[in-house]
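> Got a predicted structure here, sequence first:
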Amino acid sequence: MYSAEQTVDAYGWAATDSSGILSPFRFIRRANGYNDITIKILYCGICHTDLHLAKDELGMTTYPLVPGHEIVGQVTKVGRNVSKFRVGDKAGAGPIVDSCGKCENCNEDQESYCSKLKWIFNGQFEDGLRSYGGYSDKLVIHERYAVLIPDKFPLDGAAPLLGAGSTVYSPMRYFGLAEPGKHIGVVGLGGLGHLAVKFAKAFGMKVTVISTSPSKRNDAVEQLGADAFLVSQDQEQLQAAMGTMDSIMDTVSAFHSLLPLVDLLKTNGKLIMVGAPVPPPELPILPLLSGRKLIAGSSCGGMKETQEMIDFAAKHNITADIEVVPIDYVNTAYERLAKNDVKYRFVIDVANTLYPPL
Ligand SMILES: NC(=O)c1ccc[n+]([C@@H]2O[C@H](COP(=O)([O-])OP(=O)(O)OC[C@H]3O[C@@H](n4cnc5c(N)ncnc54)[C@H](O)[C@@H]3O)[C@@H](O)[C@H]2O)c1
Ligand SMILES: [Zn+2]
């Protein structure tokens, strides 16, 4: 179907069914076009979305699936029209690999909401090729959908910013949460949650971590700099904090009730859902009406905002707290991620541990 000139050989690790177990896999990507860069992938973060999709928990997976949307690497090729990158630059790519480039959303740098958006994995390009993610040796991507990683920014700790970082930064900006002194609750101290705490502190906000695990108090306050910690099962603590928060960012990946969270908000407060809880919770409508409160959802940032987020993170020394693992650890990493046993993001050392399948 494709000639050798139109494609390049690639390899990585793929899930082939809803067991979600990954194994070595060969595939093709399109050859580097005039507007494309090729990135030799160095690190890729493991997001809970990778796990949801590997196991088809959202009912939208096409196998084989090469997950990974928290990618950093080195540019090895640039097309003749490329202006943003040079060979040797460090580049990052997140969940978006393509969009129409001309709709209202794209024109307003909100590519994440383009109806023709192509996800970096589990998607299909116009030419019929499937999109495969960052648990792989290389990525070919239009320069619009890649960002520059500043020199001296640690690449392993920066990788999760492309997915988790962008997903928590974007709604803080868009919904006007990121104002000094405003009180934000962060629910779920995982990959997204711990970065939400770091960004919120860098914006000068007051941060309360809301968690089911009392054992995370020390980390939240001492390591991540949260101002307060609330155990979500503790009725007394919940009662005491009712009506005190301007906003809450909910990063939880599993079913949970939203009512206690809505109660924590002040009048006009905003609960922003960035997690994709399976199964989804019910909406507590009456408490929303009586407090003019808002529940909204948000995806990752557009490309302009993703670059802004990376530059902000580099300026404020924000990187993810990570556990770097070899690619052949990925199935164990998934088991541990499902049990919330990671502080706070697995990052695959792709360049040093991924080899072509025999
Ligand atoms: N909006 C987006 O575009 C976007 C982007 C990336 C990830 N996500 C979603 O965000 C969610 C979080 O992703 P992550 O990578 O941070 O995952 P993670 O596993 O690192 O963190 C999830 C957190 O939820 C907590 N949690 C799990 N079950 C819970 C429960 N029943 N009650 C309370 N807390 C519970 C865990 O302790 C953990 O702290 C996932 O659903 C993921 O798919 C959405
Ligand atoms: Zn568009």
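Arrived safely. Ligands and ions are numbered 1, 2, ... in the order given.
> Show the pLDDT at the nearest residue to A254 once chain neighbours are set aside.
Spatial nearest neighbour of A254, chain neighbours left out: P277 (5.7 Å); criterion: CB to CB, 6 or more residues apart in numbering. All C-beta atoms are positioned from the backbone trio N, CA, C, and that covers glycine. Predicted confidence (pLDDT) at P277: the value is 92.
> and the gap between P277 and ligand 2?
P277 sits 28 Å away from ligand 2, going by CB to the ion, to the nearest Å.
> For whichever residue of the stretch 101-250 of the chain sits closest to ligand 1, the count of nearby residues, please.
Going by CB to the nearest ligand atom, ligand 1 is nearest to G190 of the stretch 101-250 of the chain, at 1.9 Å. The number of residues packed near G190 is 23, by other CB atoms under 10 Å.
> Quick check on it: phi, psi?
The phi and psi values for G190, taken as degrees, to the nearest 10, are phi -110, psi -150.
> contacting residues for it?
H48, T251, S253, N340, V342, Y344 (CB atoms under 8 Å, 6 or more residues apart in numbering).
> Keep only the residues you listed that also lie close to ligand 1.
When contact is defined as CB under 6 Å from any ligand atom, these meet ligand 1 at H48, T251, S253, N340.
> Quick check, the first one in contact with L337.
Okay, so that is H48. Yes: in this structure H48 lies within contact range of L337 using CB atoms under 8 Å: 6.4 Å.
> more crowded one of those two?
H48 (26 against 21).
> ok, and the closest non-adjacent residue to that one?
Spatially, and ignoring its direct neighbours in sequence, H48 is nearest to S253 (4.7 Å; CB to CB, 6+ apart).
> neighbours around that neighbour, how many?
A count of neighbours around S253, defined by other CB under 10 Å, yields 22.
> Next, the contact list for it, please.
By CB under 8 Å, 6+ apart, the contact set of S253 is H48, H52, G188, G190, G275, A276, P277, V278.
> What separation is there between the nearest residue to the last one once chain neighbours are set aside and G193?
In other words, V278. Nearest in space to V278, with sequence neighbours left out and distances taken as CB to CB, 6+ apart, is E57 at 5.0 Å. In this view, E57 and G193 are 19 Å apart by CB to CB, to the nearest Å.
> domain assignment for the chain?
Domain ranges of the chain: 7-163+322-353, 165-297, per automatic domain parsing.
> if we can go back for a sec, list just the nearest of the contacts of G190 to W119.
W119 has its nearest neighbour among the contacts of G190 in H48, at 15.2 Å by CB to CB.
> Contacts only, for that closest one.
Counting by CB under 8 Å, 6+ apart, H48 makes contact with G190, G191, L192, S253, G275, L337.
> Pull up the distance across stretch 330-345, start to finish.
12 Å (CA to CA, to the nearest Å).
> Can you pull up the most central residue in this structure?
Centroid-nearest residue in the chain, with CA atoms, centre = their mean: G163, separated by 2.3 Å.
> neighbours around the closest residue to it other than its chain neighbours, how many?
Distance criterion CB to CB, 6+ apart; nearest residue to G163, sequence neighbours excluded, is E70 at 4.1 Å. Number of residues near E70 (other CB under 10 Å) recorded here: 34.
> K206 too?
K206 has 18 nearby residues by other CB under 10 Å.
> so how far is I295 from it?
Distance from K206 to I295, by CB to CB: 21 Å.
> And for G133?
Distance of G133 to I295, computed by CB to CB: 30 Å.
> who has more neighbours, those two?
G133 (29 against 20).
> In three-state terms, label the more buried one for me.
For G133, the secondary structure call by DSSP: H, G, I helix; E, B strand; the rest coil comes out as coil.
> Now do the phi/psi pair for it.
phi -90, psi -160.
> do the same with E179
For E179, the backbone dihedrals (degrees, to the nearest 10) come out as phi -120, psi 140.
> Could you tell me which residues of the stretch 151-300 of the chain lie near ligand 1?
Taking CB under 6 Å from any ligand atom as the contact definition, the stretch 151-300 of the chain meets ligand 1 at 163-164, 167, 188-193, 212, 251-254, 256, 274-276, 298-300.
> Can you check the pLDDT for Y2?
Here the pLDDT value assigned to Y2 is 65.
> Just give the number of residues close to the residue nearest to A254.
Using other CB under 10 Å, P277 has 16 neighbouring residues.
> could you measure it against D263, distance?
P277 sits at a distance of 18 Å from D263 (criterion: CB to CB).
> the helices in the stretch 101-250 of the chain, which residues?
In the stretch 101-250 of the chain, the helices defined using DSSP state H, counting those that start in this stretch lie at 104-107, 155-158, 164-174, 191-202, 217-218, 235-241.
> now these as CSV including mean pLDDT and mean neighbour count?
Shown next, in CSV, are these (pLDDT from 0 to 100; neighbours: other CB atoms under 10 Å):
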stretch, mean pLDDT, mean neighbour count
helix 104-107, 98, 15
helix 155-158, 98, 21
helix 164-174, 98, 25
helix 191-202, 98, 26
helix 217-218, 95, 14
helix 235-241, 96, 12
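> Put together CSV for the ones you listed, with distance to H183 on each row.
CSV is the format used below for these (distance: least, CB to CB, whole Å):
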stretch, distance to H183
helix 104-107, 31
helix 155-158, 27
helix 164-174, 13
helix 191-202, 10
helix 217-218, 18
helix 235-241, 10
